[in-house]
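Trainee: Prediction below, plus the sequence it came from.
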Amino acid sequence: MITFTTQRTIFDTFMKKKNTKILLVDDEPDILEIVGYNLAQEDYQIFTATNGTEAIEIAKKVIPDLIIMDVMMPEMDGMEACENIRKIPELSNVLITFLTARSEDYSQVAGFDAGADDYITKPIKPKLLVSKVKALLRRLTEKDQNSETLNVGGIEINREEYKIVKDNVEIVLPRKEFELFYLLASKPGKVFKRDEILDKVWGNEVVVGGRTIDVHIRKLREKIGEELFKTIKGVGYKFEV
């Protein structure tokens, strides 16, 4: 028997999907068609672009929840597009994942360095891709349910708005950099082991290497302050004020 509560839950889930916008960016029409079709079957709103320049223009208009983007494209490649998107305040919190045939470690590190949240290697089976997308979008829901503001060492960290203010200056961070910073700042002085950071920031559905953490820490030091992030060799990192 389906109760009213169950019906409400089903309805809410359906409406969330209908309101979820996904921008697909790839210069191969077949990829756009196949991926777009499978995600549309899940009731997501699908938008498409064929290069980085077009992707930025569309993203500014529709403000997607997730961008799935190829790396190698004409006019503007995915790396450059990702970097440019992260500089646009209203798009700084958009999830970005690369969908590409390039699986080398250096390529993945470059992707995360550019501001990507994830990296999906193609070819990938449609069902697995849909599952991956759902896992990515769950992060948005989890962050909405755990919004909180921290004030640490004169730095205001608003988790709900993904906003950081230091010395009355707002600092815009890509989503993964923000989540890493929030984790470290939530317990100043605590040493977070690398495995713990990978689990809490990237989750067990994402396979990333240890260099990914190093890249993000380097970016945080550049933007927020070298002296705030301490490396504990062979263990992990901690935030000190």
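Mentor: That came through, no problem.
Trainee: Show me how the protein divides into domains.
Mentor: Domain assignment for the chain by the TED database gives 4-140, 149-239.
Trainee: And the last one, how far out from the chain middle?
Mentor: Okay, so that is domain 149-239. 14 Å (CA atoms, centre = their mean, to the nearest Å).
Trainee: The helix or strand residue 54 falls within: how far from the chain's middle?
Mentor: In the assignment (DSSP states H and E), residue 54 maps to helix 52-62. For helix 52-62, the distance from its own C-alpha centre to the chain's C-alpha centre is 17 Å (CA atoms, centre = their mean).
Trainee: ok, then the element right after it?
Mentor: That would be, after helix 52-62 and using DSSP H and E, strand 66-69.
Trainee: so what does that next one touch, helix or strand wise?
Mentor: Judged by 3 or more CB pairs under 8 Å, 6 or more residues apart in numbering; DSSP states H and E, strand 66-69 is in contact with strand 21-25, helix 52-62, helix 78-86, strand 95-100, helix 126-145. From N, CA and C alone the C-beta is placed, and that goes for glycine too.
Trainee: what about the helices in this structure?
Mentor: Applying DSSP state H to the chain gives helices spanning 4-19, 29-40, 52-62, 78-86, 105-114, 126-145, 175-185, 194-197, 210-224.
Trainee: Mind listing what's buried along the fifth one?
Mentor: Read it as helix 105-114. Neighbour-count burial for helix 105-114 flags 107-114 (criterion: 16 or more other CB atoms under 10 Å).
Trainee: just the residues you listed now: which is nearest residue 92?
Mentor: Nearest to residue 92, judged by CB to CB, of these is residue 114 at 13.4 Å.
Trainee: quick revisit: let's have the domains of the chain in a markdown table, adding mean pLDDT.
Mentor: Formatted as a markdown table, the domains of the chain follow (pLDDT from 0 to 100):
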| stretch | mean pLDDT |
| --- | --- |
| domain 4-140 | 83 |
| domain 149-239 | 87 |
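Trainee: Identify each buried residue in stretch 26-42, please.
Mentor: 26-27, 31-32, 35-36, 38-39.
Trainee: cool, stretch 40-51 as well?
Mentor: Those buried within stretch 40-51 under the rule 16+ other CB under 10 Å are 44-51.
Trainee: possible to save those residues as TSV with distance to residue 70?
Mentor: Shown next, in TSV, are the buried residues of stretch 40-51 (distance: CB to CB, whole Å):
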residue	distance to residue 70
44	18
45	20
46	15
47	15
48	12
49	10
50	9
51	9
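Trainee: Just give the number of residues close to the residue nearest to residue 176 when sequence neighbours are not counted.
Mentor: Nearest residue to residue 176, sequence neighbours excluded (CB to CB, 6 or more residues apart in numbering): residue 117, at 5.4 Å. Neighbour count of residue 117, defined by other CB atoms under 10 Å: 23.
Trainee: what's the spacing between residue 117 and residue 190?
Mentor: With distances taken as CB to CB, to the nearest Å, residue 117 is found 24 Å from residue 190.
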